[in-house]
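[1] Have a look at this fold, sequence not included:
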């Protein structure tokens, strides 16, 4: 089929007008937050329901037409980028919350429901959807599930995987699978639902999900502490974790503090600067928590584990302390950072960070490093800033060369080259640093089971012909 | 190869003497807690390490020799039964806790570590392994993982799946895969670890696991309430769940109370009998919890939701209240119950129980039903007692006929025919009531990816030639 016939056929599947082919639309819907790639989509198609998704997939199988899923386009690994005349299947019109059971604390959503929409729905029903991150205002549930999104409260609430009760998918073969429904317990063979979580749309499309909600947190307090070393930061984590219910334990470096406060005109919490800062959020579920925290704080001060600290006295204050951490990513944008989202076992962090720093200094001493991350779950965002005098292309090329060395260090710690951003196109060349050849072979074989014609987001995570 | 040559070869793989072929051993290690099957194992082999397991699997591939894994032999679905001259691979000698990191709250175990051993290890390190069930004194971790064991605290702590950080498996092809290590976050393609959890040894053998531990619970209290209907029991669940941190919410019927108190010479908590009882365990994490519980209790009494209740005043009392629930399964043994382990969405329980009861009464009015279960997560243990005047064979045959009708009801509620016991041999004929034909076909194809010679626990969950 030629391009015109394909577009005509797609228009007959979805309601007319829901297939876009304008250059601006192709560019907008054919890319994600990476912005690094030259996109080249053939068409953007907007199904309204599961039957239309299935019809698109069956049509695509017939004509060996590659499909790329598109959610909120907030991905950071190029997982939803169309570069080879793929048809982009955008879930923007499948954005309804379909049913809710308060007894089950379960809500059934179409794949295009926006994370924040789900969070608000939960709140309106006196419940809580705990997966939260900077892009939750635009990221869609289908995308969250397909990358097993994490975010800022993983230490307390886990990853997206933990909140998926049931999943409806359209496989690469065009089968509709309803996986697990609203069951808490179901020991009837392989849990196929788990395979689709984090599969980045390469096995099929997530079209609906039943998400579990939980009780809203009690009052919370936020603390920012000034720390002189990473070793001490890890010691803080252990001490606080033992005594109080931590919702989050984040870390950021002085350079991050400097950039975020300048860019966003935020007030520095301390007069003196410090190499690192830890941000803790904890639940005030026990009456004695404030007391406990205060005595821990004093203990840490007297033992020189921290040099200064501030604790929120109101939720507004808690909010503004969080901004110091949450605005970092955005504030770095003008520095054109090369982002790495890596993880190791929590206990390995100090040694790991030091080895990474040594590696970078040795190769490119002019590269400036900004560290921040969800250190409570071993997840570090390593951002390398572009030196002013270096052009963009050379910088990216050098960073890619450097990545080989950085990821070799990750591998030596049995760490992950992508903690929560997925693999997509950007991490694909480096997958072997985190997964063995045997694992990758099994992944490819599984891909062929669900998507024998290789039409589902082909070339993402791995290429079948590598 | 003939049998003697096979045994000689196996003896050369493991240390001599660690291959058993006596009839008593074949019978003991060739079966599980179901006792229903005529076992017929060829030999029992006890590997000491991963390399030996791999050697056994490679040898078995070469000679198309079927293997059956054996852990604590506490399974209730015939998942670890050898009936066709299989070689049983018993993990009893691989029972070491290999390493522990307090910073990561992570403990690496060989597959043969007994659940209770892990629980005690956690306790000694001021931590907690929360998956707990009646057979935790003998069940092994490899088996727990292979059936995704649940138990009595799922409502608070989830299933085994939630506590598996890393998994080492030997696949059916003989590859050793180290899946995820000690990472909290790892978004690098398909999470193969999840496939092996609940796969009942049909894709490969779980040989080691890194388990996550958590903080020990605070003081706890146990409450038993007398309730006149299931609808009211569910209302209790909602009310208590909203206000206090529930560790468990269990239900059992008057008949179960009668049998367990008689059999184990336990004291009835109430003078009057009641159709149902609810057992709640909650954490005293907030100082005001006892007060809250008391006011909830009074509210429920005044609204006639409950007719009586008792709350533990000491941990010894909590323990003995738990016996009323935990000893039920054992106390039923002399009644030769036909067990069903089924689940539906929590909100569906009242309607579901009533339809099941109607179905059974209609078919076999003389069958007596004993209900109990983890009702807080939708999991019911439906036990049908053998009428005294019916012989065992006829009873089982009738129960199997009845199962078709019971599971049809389960299917109409999109429920599970096996909530936490796995499929094994016993539930295999009924798998299609919970999983679609397409799902089963995908499962078979995945099996062939990991175990192309069909040597790993063949015929469990499904038969490839069905």
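    The structure has been received and is ready for your questions. Only a predicted model underlies this, so the values are computations on that prediction, with no experimental measurement involved. Numbers count the residues shown, from 1 in each chain, chains lettered A, B, ... in the order given.
[2] Who are the contact partners of residue A:46?
    When contacts are counted by C-beta atoms under 8 Å, 6 or more residues apart in numbering or on different chains, residue A:46 is found next to A:14, A:18, A:19, A:20, A:90, A:92, A:93. C-beta here means a position set from N, CA and C on the backbone, and glycine is covered the same way.
[3] do residue A:101 as well
    By C-beta under 8 Å, 6+ apart, the neighbours of residue A:101 are A:107, A:182, B:345, B:347.
[4] residue ranges of the helices in the stretch 251-400 of chain A, please?
    Counting by DSSP state H, counting those that start in this stretch, one finds helices in the stretch 251-400 of chain A at the ranges A:254-263, A:289-302, A:315-326, A:328-332, A:349-363, A:392-412.
[5] about what we covered before: dump the contacts of residue A:46 into JSON lines; add pLDDT, secondary structure and distance to residue A:140 as well.
    Formatted as JSON lines, the contacts of residue A:46 follow (pLDDT from 0 to 100; DSSP: H, G, I helix; E, B strand; the rest coil; distance: C-beta to C-beta, whole Å):
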{"residue": "A:14", "pLDDT": "95", "secondary structure": "coil", "distance to residue A:140": "18"}
{"residue": "A:18", "pLDDT": "94", "secondary structure": "coil", "distance to residue A:140": "17"}
{"residue": "A:19", "pLDDT": "97", "secondary structure": "strand", "distance to residue A:140": "20"}
{"residue": "A:20", "pLDDT": "96", "secondary structure": "strand", "distance to residue A:140": "18"}
{"residue": "A:90", "pLDDT": "98", "secondary structure": "strand", "distance to residue A:140": "10"}
{"residue": "A:92", "pLDDT": "97", "secondary structure": "coil", "distance to residue A:140": "8"}
{"residue": "A:93", "pLDDT": "96", "secondary structure": "coil", "distance to residue A:140": "11"}
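[6] By neighbours, which of the residues you listed wins?
    residue A:90 (24 neighbours; other C-beta atoms under 10 Å in any protein chain shown).
[7] For that residue, list each beta-bridge partner.
    Beta bridges link residue A:90 to residue A:70, judged by DSSP bridges.
[8] Would you agree residue A:202 falls within a strand?
    No. Residue A:202 is assigned coil when assessed by DSSP: H, G, I helix; E, B strand; the rest coil, not a strand.
[9] Which residue is the nearest non-sequential neighbour of it?
    Residue nearest to residue A:202 in three dimensions, not counting chain neighbours: residue A:457, with 4.9 Å by C-beta to C-beta, 6 or more residues apart in numbering or on different chains.
[10] got the end-to-end distance for stretch A:426-440?
    17 Å (C-alpha to C-alpha, to the nearest Å).
[11] can you check stretch A:155-163 too?
    With C-alpha to C-alpha as the measure, stretch A:155-163 spans 14 Å from end to end.
[12] now do stretch A:37-55
    Stretch A:37-55 stretches 29 Å from its first residue to its last (C-alpha to C-alpha).
[13] Please name the residues that touch residue A:345.
    Taking C-beta under 8 Å, 6+ apart, one finds A:378, A:413, A:414, A:415, B:101, B:104, B:106, B:181, B:182, B:183 in contact with residue A:345.
[14] Show the pLDDT at it.
    At residue A:345, the model reports a pLDDT of 97.
[15] So what sits opposite the closest residue to residue A:99 other than its chain neighbours in the bridge?
    Spatial nearest neighbour of residue A:99, chain neighbours left out: residue A:108 (4.6 Å); criterion: C-beta to C-beta, 6+ apart. Beta-bridge pairing of residue A:108 under DSSP bridges involves residue A:99, residue A:210.
[16] Would you agree residue A:108 is in contact with residue A:98?
    Yes. Under the criterion of C-beta atoms under 8 Å, residue A:108 makes contact with residue A:98 at 4.6 Å.
[17] Between the two, which is the more surrounded one?
    Just comparing residue A:108 and residue A:98: by other C-beta under 10 Å the higher neighbour count belongs to residue A:108, 20 against 12.
[18] tell me the contacts of that one?
    Each residue near residue A:108 by C-beta under 8 Å, 6+ apart is listed here: A:97, A:98, A:99, A:100, A:166, A:182, A:208, A:209, A:210, A:211.
[19] tally of neighbours for the residue lying closest to residue A:412 once chain neighbours are set aside?
    Distances taken as C-beta to C-beta, 6+ apart place residue A:355 nearest to residue A:412, at 7.9 Å, with adjacent residues excluded. Residues lying near residue A:355 (other C-beta under 10 Å) number 17.
[20] can you tell me how far residue A:355 sits from residue A:344?
    According to C-beta to C-beta, to the nearest Å, residue A:355 stands 10 Å off from residue A:344.
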